[in-house]
Structure formats: structure tokens, C-alpha cells
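**Student:** dropping the sequence and predicted coords here.
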Amino acid sequence: MSEISRICPQCGQAFSLEARHCSHCGHDMDASLPAPQSALPALVGKAAAPVLLGAASLAVSVGWKLLQNMLNRPTRSVTQPIQVRKDAAPMQPRPRTTIRITTSWAIGDSSGNWRKGHSEQTIEIE
């Protein structure tokens, strides 16, 4: 029966498969192997990008609307009393702004397992 052995990339000599160091030159075999990496963080990062982009655009949109409302609001002095006319028509309610965010995602791993999801958020601003 033949024995399975490793070939040292440093000196080219064969040595035992279980040994960590080459018996001829002392080269560390485990140091030359690439570290195992998981593909999951990269996939999660790719799946999270649309969600983060949607959240950022929502924050900018809401901030812009609030800034516009603040700039368009009439200012009054603190010392001026508010005068209410008794014959004035009742105030009309302000229209509501509805923002709907729809997110779909899918993530898979190297063994072919896939997970998919879908979510919707609705934000109403008065």
C-alpha cells in the first residue's frame, strides 16, 4: 500500500500528511494556506445596500419637507397677542403625506440555501 504524503512548496521534498512543518526545511505548511472566509458578510452587505439607500433617501425627503414647512411658516413676535376672529371659517385640516417603502431581498450561501423576504413600511406625515 502506498502512503499519502505532502510536497513542500519551499524545497519540493515529500513529508508526512499530518505534519505541520516540512521535515527537510522546516517550512510552516499551515501559514501558506489561505484562511477560510465566509461569504455571508459579503452577501449581507450587498443585501443591506438597498435598505440603507432607501432609509437615507427617506431621511433626506422628510428633512427636506420639515425644512420647507419651517421656512414657509409665518413668524410672529412673542409680544403680539393672537387675534381670533369669531366670524372666521373653521380651519381646514392639512393634507396628509404618505410615504410607502417596499423592500424585497434575497440571500444565499455556498450550499445553495436561499432565503427571500419582502417588507413594507408606511409613514404618514401631517
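**Tutor:** Arrived safely.
**Student:** in what helix or strand does the spatially most central residue of the chain lie?
**Tutor:** Nearest to the geometric centre of the chain sits residue 48, at 2.9 Å (CA atoms, centre = their mean). Using DSSP states H and E, residue 48 sits within helix 40-72.
**Student:** after that helix, next one along is what?
**Tutor:** strand 97-108.
**Student:** relative to strand 97-108, how tilted is the helix or strand following that next one?
**Tutor:** Using DSSP H and E, the helix or strand that follows strand 97-108 in sequence is strand 114-125. Angle of strand 114-125 versus strand 97-108, following axes from the mean of the first three to the mean of the last three CA atoms, to 10 degrees, is 170 degrees.
**Student:** what packs against strand 114-125?
**Tutor:** Secondary-structure packing of strand 114-125 (3 or more CB pairs under 8 Å, 6 or more residues apart in numbering; DSSP states H and E): helix 40-72, strand 97-108. Heads up, the C-betas are built off the backbone N, CA and C, glycines and all.
**Student:** adjacent strands (with direction) for the last one?
**Tutor:** Strand 97-108 has the following sheet partners, assigned by DSSP bridges: strand 114-125 (antiparallel).
**Student:** which residues touch the partner strand?
**Tutor:** Residues from elsewhere that reach strand 114-125 (CB atoms under 8 Å, 6 or more residues apart in numbering): 58, 62, 65, 96-108.
**Student:** now for the residues you listed, which pair is the farthest apart?
**Tutor:** 96 and 108 (39.6 Å; CB to CB).
**Student:** all good on my end, thank you.
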